[in-house]
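Undergrad: mind looking at a prediction? Sequence and model below.
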Amino acid sequence: MNGKFGNLIEQARKQGSQKGEENQIADKPDNQIIVDPDVNLCTKVPLSLRRHWSAEAKRKGVTLTAVITTALTEAFGTPD
């Protein structure tokens with residue numbers, strides 16, 4: 001290879017091919033727990049209400065996400 005690091009790159013490639021598929025094995029255990037990922041829940045509200053709710057949430061030290069999640073859980077429960 002040409003260039004400043006050509007020999008170094010060539011040596012690294014040779015070492016990588018000598019290792020074979022060792023690097024291809026995933027480090028995940030078979031008994032890994034699958035977690036339900038968080039997703040977005042969007043709704044349109046008037047800007048004035050959003051500003052008011054955001055300010056009130058900051059004053060009380062809570063997030064809108066926590067308040068909304070609590071309200072929806074109380075209204076509809078959780079899947080059992």
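TA: Thanks, I have it.
Undergrad: can you map out the helices along the chain?
TA: 6-19, 47-60, 64-76 (DSSP state H).
Undergrad: could I get these as CSV with distance to D38?
TA: All C-beta atoms are positioned from the backbone trio N, CA, C, and that covers glycine. Output for the helices of the chain, formatted as CSV (distance: least, C-beta to C-beta, whole Å):
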stretch, distance to D38
helix 6-19, 37
helix 47-60, 18
helix 64-76, 9
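Undergrad: and those helices: which comes nearest N40?
TA: N40 lies closest to helix 64-76 among those, at 10.5 Å (C-beta to C-beta).
Undergrad: what's the average pLDDT for the closest one?
TA: Mean per-residue pLDDT for helix 64-76: 96.
Undergrad: what helices or strands is that helix leaning on?
TA: Secondary-structure packing of helix 64-76 (3 or more C-beta pairs under 8 Å, 6 or more residues apart in numbering; DSSP states H and E): helix 47-60.
Undergrad: between the helix it packs on and helix 64-76, how many degrees?
TA: 100 degrees (axes from the mean of the first three to the mean of the last three C-alpha atoms, to 10 degrees).
Undergrad: residues in contact with helix 47-60?
TA: The contact list for helix 47-60 (C-beta atoms under 8 Å, 6 or more residues apart in numbering) reads 63-64, 67.
Undergrad: list the buried residues of that helix.
TA: Residues A57 are the ones in helix 47-60 that count as buried (16 or more other C-beta atoms under 10 Å).
Undergrad: average pLDDT across that helix?
TA: 97.
Undergrad: what number of residues lie near P37?
TA: 5 (other C-beta atoms under 10 Å).
Undergrad: how far away is it from L8?
TA: 41 Å (C-beta to C-beta, to the nearest Å).
Undergrad: how about Q15?
TA: From Q15 over to L8 (counting by C-beta to C-beta), the distance is 11 Å.
Undergrad: what's the answer for R50, then?
TA: R50 is 55 Å from L8, by C-beta to C-beta.
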